[in-house]
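Visitor: show me the folded form of this:
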Amino acid sequence: MATASRTRKNLEVRRSDHTTIRYTASGPAGGPTLALIHGWACDRSDFDAVTDHLPENYRVLAIDLAEHGESRSTRDAWTMEEFARDVVAVLEVESVNTCVVAGHSLGGAVAVEVGRLLPDTVSHVVALDALHYLSLFPALSEDQTDATLQMFREDFAAGVRGLVEAGSPAGTDTALKDSYFEKMVAVRQPAGLRSLEGLVHWDMDAALRATKQPITVFAIRDLVTREAIDRYGDHFDIMPVDLGSHHFPVEAPEATAKLLSGVGTE
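Guide: Here you go, the predicted model:
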């Protein structure tokens, strides 16, 4: 495993007049390619330490989704498919022929959509503590959707705090939770709320039926339920891990890199 900081290039691709996507590229162009997608209200820097621990021959593309990190957009569509097109734009400008796409949290849903959009390019989809949360990912009823979104519309900060707490096993350091909250509550609006709307309206079951690649989910053991395993165990491989909280790529970058380097890159 590499431990020294990689040489990174900060690049951008202009999707259209309304969207410019910033991303970081490192590693040789001819190496196995890994595209990394951050979670909601986060950014590509979450993968900096993970990238430094990946094998040196890997080509790593860490992408800021629209209105996250350094990417900017004035578009109206905030669906998981539209976020996936942000990633597709990077893969196309980088002339990627085959890659593994890995996404954390909301980024896991985006990764599934990238696989659906690029069935001949994406060889494997990896979800980092994503897809198994039954209160967010499977399509919700209208009543459930309204209740979830209303919580954020009425008190956005309280809604974000609830997300952080839900992703924190017992014993998670309070200062760590506070740091995640401060980062996420500052998400750019209106995209922050609109992208949450896009997630709860996403029909994961339909997307999974249209995805041909194998999907591996690395789920925090204390946060994955038997119900989720029973419901989706035939649709993707759920691998419980003990690496901290929902934000384990930040907390355990070396272990996360080891997980990623062992999936779909043969």
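Visitor: hey, let's count contacts and neighbours off CA atoms from now on
Guide: Fine.
Visitor: helix, strand or coil for Arg14?
Guide: strand (DSSP: H, G, I helix; E, B strand; the rest coil).
Visitor: use 15 as the first number for this chain going forward.
Guide: From this message on, residue numbering opens at 15, which makes the last subject Arg28.
Visitor: distance-wise, check the residue nearest to it when sequence neighbours are not counted relative to Ala125.
Guide: Nearest non-adjacent residue to Arg28, counting by C-alpha to C-alpha, 6 or more residues apart in numbering: Thr34, 4.3 Å away. Distance from Thr34 to Ala125, counting by C-alpha to C-alpha, to the nearest Å: 19 Å.
Visitor: compare those two (neighbour count), which wins?
Guide: The residue with more neighbours, out of Thr34 and Ala125, is Ala125; 32 against 22, by other C-alpha atoms under 10 Å.
Visitor: where does Ile35 fall, secondary structure wise?
Guide: Here Ile35 sits within strand 33-40, counting by DSSP states H and E.
Visitor: so which elements touch that strand?
Guide: strand 22-30, strand 73-77, strand 86-87, helix 94-107 (3 or more C-alpha pairs under 8 Å, 6 or more residues apart in numbering; DSSP states H and E).
Visitor: outside of stretch 80-93, which residues touch it?
Guide: 32-36, 55-58, 78-79, 97, 100, 201-202, 205, 208-209, 211-213, 216 (C-alpha atoms under 8 Å, 6 or more residues apart in numbering).
Visitor: straight-line length of it, end to end?
Guide: Terminal residues of stretch 80-93 are spaced 11 Å apart (C-alpha to C-alpha).
Visitor: pull the distance from that stretch to the chain's centre.
Guide: With C-alpha atoms, centre = their mean, to the nearest Å as the basis, stretch 80-93 stands 15 Å off its chain's centre.
Visitor: list the buried residues of it.
Guide: Ala80, Glu81, His82, Gly83, Glu84, Ser85, Arg86, Ser87, Trp92, Thr93 (16 or more other C-alpha atoms under 10 Å).
Visitor: ok, stretch 160-171 next?
Guide: Thr162, Leu163, Phe166, Phe170, Ala171.
Visitor: among the residues you listed, name the ones in helices.
Guide: In helices, defined here by DSSP state H, the members of those are Thr162, Leu163, Phe166, Phe170, Ala171.
Visitor: tell me how far the closest residue to the last one other than its chain neighbours lies from Gly181.
Guide: Think Ala171. Take Ala171 and drop its neighbours on the chain: the residue closest to it by C-alpha to C-alpha, 6+ apart is Val199, 6.0 Å away. Separation of Val199 from Gly181 (C-alpha to C-alpha) stands at 15 Å.
Visitor: all helices for the stretch 115-264 of the chain, in order.
Guide: 120-131, 156-168, 170-180, 188-199, 205-214, 218-223, 240-246, 262-265 (DSSP state H, counting those that start in this stretch).
Visitor: tell me, what's the model's pLDDT at the closest residue to His260 other than its chain neighbours?
Guide: Spatially, and ignoring its direct neighbours in sequence, His260 is nearest to Gly181 (4.8 Å; C-alpha to C-alpha, 6+ apart). Looking at Gly181, its pLDDT stands at 97.
Visitor: do Glu280 as well
Guide: 46.
Visitor: okay, and the helix or strand of this protein with the least pLDDT?
Guide: helix 156-168 (a mean of 92; mean pLDDT, DSSP states H and E).
Visitor: give me the angle between that helix and helix 205-214.
Guide: Helix 156-168 runs at 170 degrees relative to helix 205-214, counting by axes from the mean of the first three to the mean of the last three C-alpha atoms, to 10 degrees.
Visitor: and helix 156-168, what does it pack against?
Guide: If contacts are counted by 3+ C-alpha pairs under 8 Å, 6+ apart, helix 156-168 sits against helix 170-180, helix 205-214.
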